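A.B. asks: got a structure for you, letters missing:
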């Protein structure tokens, strides 16, 4: 595996850090999830639960990881982490800036223990700036970052994006940055600190929208650009059965084919219509698409050179023939026994076999083996377990996070 031999200490909670270390784990890294001995990662208590009592959120985030229960609020816990860091390549954390410094396990201290350590901090607003220590979640970062303001109809309110892009994107950028840093460490022998902000990730998703403004002063807004609904040729249209079609005929040839197939050739020059003409074209196309069901329209477009797709619900996605052909789900061991389906990592390598999957670990399930690998004796481990600084596995306690 590309990351075999890389050891990662994961001190994160919930989705951004979970996404980051999940990607590293799937590529072969040994990810040790360092968790509070009582509650563990909050995601363990997130609903919905499957029919075997496991949190679906936990199953997603923690496949291929090991769990070490460790109380970092106690001096003994800090000492254990310092010993683990000496043998680690990467540490990922998601506390607010300054929290781990006050506990004695911030980057300054840990880098002295291991100068090669790559320390990645994932926070909401980053390590500096007026909001650095402010609380927040994905919706806050997407709102400040502009993606919420771009989502929805021009005459209506903004919409909450259906996927937490800032959370997931921050995890993906963190994984990418860590892999790049590992390459640099190979060359220089030195580690470094990586500052990942979910707000930065949300702003980064503006991509060309941002450049339109930065280069041309073009303001943002809903239905203002080719990619968020301004063009009649790039929109969502309702069908007779209350479903929707995604029309993305950006190129003239695709738009002309669409106009021919739906019997509206009078609009073949109106792919980018503006003003009143735009409203006329959109209204006419909405009326036309409402004449047939989604399935009937899809049969019209089958094998034709048009960029038209059905808008699917989550449960329909996994029945779609293309998604099935791409084998986007694979069977993974379940903590309670047997297997369950999970998403595979999107990249498919020609020269890398998929990793043999490990089930999402129970809280503290791997404490004993991780401590043994760090050089703790049997007696030391027994004393740590007796003191409550760590344990060999137990059910998490705490409030449930509702879906």
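C.D. replies: On my side now, so go ahead. Just so we're clear, the structure is a prediction, and the values are computed from it rather than from any experiment. Residues are numbered from 1 along each chain as shown.
A.B. asks: Quick check: phi and psi at residue 34.
C.D. replies: For residue 34, the backbone dihedrals (degrees, to the nearest 10) come out as phi -90, psi 120.
A.B. asks: ranges for the strands of the stretch 51-200 of the chain?
C.D. replies: 65-69, 90-93, 118-123, 192-197 (DSSP state E, counting those that start in this stretch).
A.B. asks: between those strands, which one is nearest to residue 203?
C.D. replies: Nearest to residue 203 among those is strand 192-197 (8.9 Å), distances taken as Cβ to Cβ. For the C-beta atoms, the positions are set from N, CA and C on the backbone; glycine is no exception.
A.B. asks: Direction included, what does the closest one pair against?
C.D. replies: strand 118-123 (parallel) (DSSP bridges).
A.B. asks: tell me the mean pLDDT for the strand it pairs with?
C.D. replies: Averaged over strand 118-123, pLDDT sits at 98.
A.B. asks: Could you do stretch 140-149 as well?
C.D. replies: Mean predicted lDDT for stretch 140-149 stands at 96.
A.B. asks: same question, stretch 350-361
C.D. replies: 93.
A.B. asks: so how far does that stretch reach from one end to the other?
C.D. replies: With Cα to Cα, to the nearest Å as the measure, stretch 350-361 spans 29 Å from end to end.
A.B. asks: Can you give me the buried ones in that stretch?
C.D. replies: 355, 357-361 (16 or more other Cβ atoms under 10 Å).
A.B. asks: can you check stretch 290-298 too?
C.D. replies: Using 16+ other Cβ under 10 Å as the test for burial, stretch 290-298 gives 292, 294, 297-298.
A.B. asks: between these, which is nearest residue 255?
C.D. replies: Comparing the buried residues of stretch 290-298 against residue 255 with Cβ to Cβ places residue 297 closest, at 15.8 Å.
A.B. asks: list the contacts for the closest one?
C.D. replies: Residues in contact with residue 297, defined by Cβ atoms under 8 Å, 6 or more residues apart in numbering, are 239, 245, 289, 308.
A.B. asks: for this structure, what's the longest helix?
C.D. replies: helix 165-188 (DSSP state H).
A.B. asks: other SSEs contacting that one?
C.D. replies: helix 14-26, strand 90-93, strand 118-123, helix 138-145, strand 192-197, helix 198-204 (3 or more Cβ pairs under 8 Å, 6 or more residues apart in numbering; DSSP states H and E).
A.B. asks: ok so, going back, for residue 35, which of the strands of the stretch 51-200 of the chain is the nearest?
C.D. replies: Closest approach to residue 35 among those is made by strand 65-69 (5.8 Å; Cβ to Cβ).
A.B. asks: mind listing what that closest one pairs with, with the direction of each?
C.D. replies: Strand 65-69 is paired, per DSSP bridges, with strand 30-35 (parallel).
A.B. asks: Identify each buried residue in stretch 16-28, please.
C.D. replies: 16-28.
A.B. asks: Switch the residues you listed over to JSON lines; also include pLDDT.
C.D. replies: Putting the buried residues of stretch 16-28 into JSON lines (pLDDT from 0 to 100) gives the following:
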{"residue": "16", "pLDDT": "97"}
{"residue": "17", "pLDDT": "97"}
{"residue": "18", "pLDDT": "97"}
{"residue": "19", "pLDDT": "98"}
{"residue": "20", "pLDDT": "98"}
{"residue": "21", "pLDDT": "98"}
{"residue": "22", "pLDDT": "98"}
{"residue": "23", "pLDDT": "98"}
{"residue": "24", "pLDDT": "98"}
{"residue": "25", "pLDDT": "98"}
{"residue": "26", "pLDDT": "96"}
{"residue": "27", "pLDDT": "96"}
{"residue": "28", "pLDDT": "97"}
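A.B. asks: and the residues you listed as TSV, adding distance to residue 270?
C.D. replies: Rendered in TSV, the data for these read as follows (distance: Cβ to Cβ, whole Å):
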residue	distance to residue 270
16	43
17	47
18	46
19	41
20	45
21	49
22	45
23	43
24	48
25	50
26	46
27	47
28	52
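A.B. asks: surely residue 100 meets residue 106?
C.D. replies: Yes. With contact defined as Cβ atoms under 8 Å, residue 100 reaches residue 106; the gap is 4.6 Å.
A.B. asks: residue with max distance from the center of the chain?
C.D. replies: Distance from the C-alpha centroid of the chain, by Cα atoms, centre = their mean, peaks at residue 266 (43.4 Å).
A.B. asks: Where does the record place the domain boundaries for the protein?
C.D. replies: Listed domain ranges for the chain are 7-205+325-387, 234-322 (source: automatic domain parsing).
A.B. asks: so how far is residue 30 from the closest residue to residue 78 other than its chain neighbours?
C.D. replies: The shortest distance from residue 78 to any non-neighbouring residue, by Cβ to Cβ, 6 or more residues apart in numbering, is to residue 104 (5.2 Å). In this view, residue 104 and residue 30 are 25 Å apart by Cβ to Cβ, to the nearest Å.
A.B. asks: Show me the residue sitting in the middle of the chain in space.
C.D. replies: Closest-to-mean residue, the chain, Cα atoms, centre = their mean: residue 168 / 2.1 Å.
A.B. asks: How about the contacts made by that residue?
C.D. replies: Residue 168 sits next to 15-16, 19 when contact means Cβ under 8 Å, 6+ apart.
A.B. asks: Same question for residue 20.
C.D. replies: 12, 92, 120, 122, 170-172, 174-175, 178.
A.B. asks: still on that earlier bit, looking at the domains of the chain, which is nearest to residue 401?
C.D. replies: Of those, the one closest to residue 401 (Cβ to Cβ) turns out to be domain 7-205+325-387, at 4.2 Å.
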